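> Sequence below, structure please.
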Amino acid sequence: MTVSPNVGTELAPAHSAAQHKPRPLPLFLELLRSETAALPERMEAALAGVKAYQQARRTPRPGPRPAVASAGRARLLDYGGDGPAAVFVPSLINPPHVLDLAEGNSLLRWLSANGVHPYLVDWAAPEAGEAELSVAGHIESLLLPLLDALDRPCHLVGYCLGGTMAIGAAAARTPLSLVTMATPWRFDGFSDEAREGLAELWQNAQPTSAALGAMPMEVLQTAFWKLDPGTTVGKFEMFGRLDPASDKARGFVALEDWANDGPPLTLGAAKELVEELFGNNVTGEARWKVDGRTVDPHALPCPVLDIISASDKIVPEASAARAGEVLTLRQGHVGMVVGGRARATLWEPLAKWLSQVQH
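Purely as a prediction, here's the structure:
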């Protein structure tokens, strides 16, 4: 098969370099100045933290895993292990490796050593000719073929928007169980300010996105920053005070590099996400269709576990589907997966569920 030019590569490959982060850097600096304008010492501390982050030594990430199946650009990566198969579906917005962040902080590698056989969907970057591929289209043309190619019963586990997509896939294929983590479904659970702000960003970005056939991840990154600007700036103040050689500093760098990377969204996925999911709440109102079926997480014929966070600033608790069993945590959107308490509060309960629940 001929590989088409990669949209993500065409946009700006150099932007993944550390000196360009946080992405988009000019808008981050504008946010920083706005948040610290009345407190020059905070501005100085935050800028020092940004410089320290840009100059920090990067620890090599864990080695790549083999692919056991592919569908178009998407691949299914095998993490090995004994026990039931569990396919992890990450968001389209950031890279998938938050679930395999670093040595000693990898949900997937820990599960592999603790009675589960995890697989990870790697969406890769959009290719030329995919501009119209919607969120549902990603499920139909990429995710479902990967599940079919696995050819063994599996659990489905989705994180963030990947959880929304896993719900759609579970309606089309009956997994052993479905687990959603920090997953939005009732998009009217987001604040009016957040939804209106995203709509405005989309309106401004739409002409450029239409020309590219994709929406750069910087557009959504800007929206995330505006949800909690104080924390966005404050964490760099904190980082500037850390010993660069400390585990905490290395963990910060790994997580920020993940958060500031990611391919663009196809134009179709961006349009469906902003206009239909956020704008019209089609999922929450049971009007979203995948593979010709209307998707209702409460009507799935498999066990469901919805893991939510009461302190999530990115995906608020009110937006969760609350289908099946509900596990409520107190960590943030990302901290629930990679934070210091993640093993006790999420990894271990998840391993227990995947090992014990059989369809």
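> Not counting its own residues, what contacts the lengthiest helix in the chain?
When the chain is parsed with DSSP state H, its longest helix is helix 192-212. By C-beta atoms under 8 Å, 6 or more residues apart in numbering, the list of residues contacting helix 192-212 from outside reads 7, 11, 187, 215-216, 219, 222-223, 226-227, 264, 267, 270, 274-275, 278-279. Placement of C-beta: from N, CA and C, glycine included.
> switch to 7 Å and redo it
7, 11, 215, 219, 222-223, 226-227, 267, 270, 274, 278-279 (C-beta atoms under 7 Å, 6 or more residues apart in numbering).
> Quick check: the farthest pair among those residues?
Distance extremes for the contacts of helix 192-212: the farthest pair is V7 and L227 at 26.3 Å, using C-beta to C-beta.
> The two: which is more packed in?
V7 (23 against 19; other C-beta atoms under 10 Å).
> How many residues are close by A67?
The number of residues packed near A67 is 15, by other C-beta under 10 Å.
> pretty sure G230 is touching E35, no?
Yes: between G230 and E35 a contact is recorded at 6.4 Å, counting by C-beta atoms under 7 Å.
> more crowded one of the two?
E35 (17 against 9).
> How about that one, nearest residue that isn't a chain neighbour?
Closest residue to E35 apart from its sequence neighbours, by C-beta to C-beta, 6 or more residues apart in numbering: V233 at 4.6 Å.
> doesn't the one you found fall inside a helix?
Yes: V233: assigned to a helix according to DSSP: H, G, I helix; E, B strand; the rest coil.
> can you give me the strands for the stretch 201-350 of the chain?
Assigned by DSSP state E, counting those that start in this stretch, the stretch 201-350 of the chain shows strands spanning 214-215, 265-266, 289-290, 293-294, 304-309, 325-329.
> before we move on, what about the stretch 1-150 of the chain?
For the stretch 1-150 of the chain, strands defined by DSSP E, counting those that start in this stretch occupy the ranges 67-71, 74-78, 85-89, 117-122.
> Compare the ones you listed and report which one is nearest to Y159.
Judging those by C-beta to C-beta, what sits closest to Y159 is strand 85-89, at 7.1 Å.
> pLDDT value on the most centrally placed residue in the chain, please?
Nearest to the geometric centre of the chain sits S91, at 3.6 Å (C-alpha atoms, centre = their mean). Note for S91: predicted pLDDT of 98.
> Many thanks, I have nothing further to ask.
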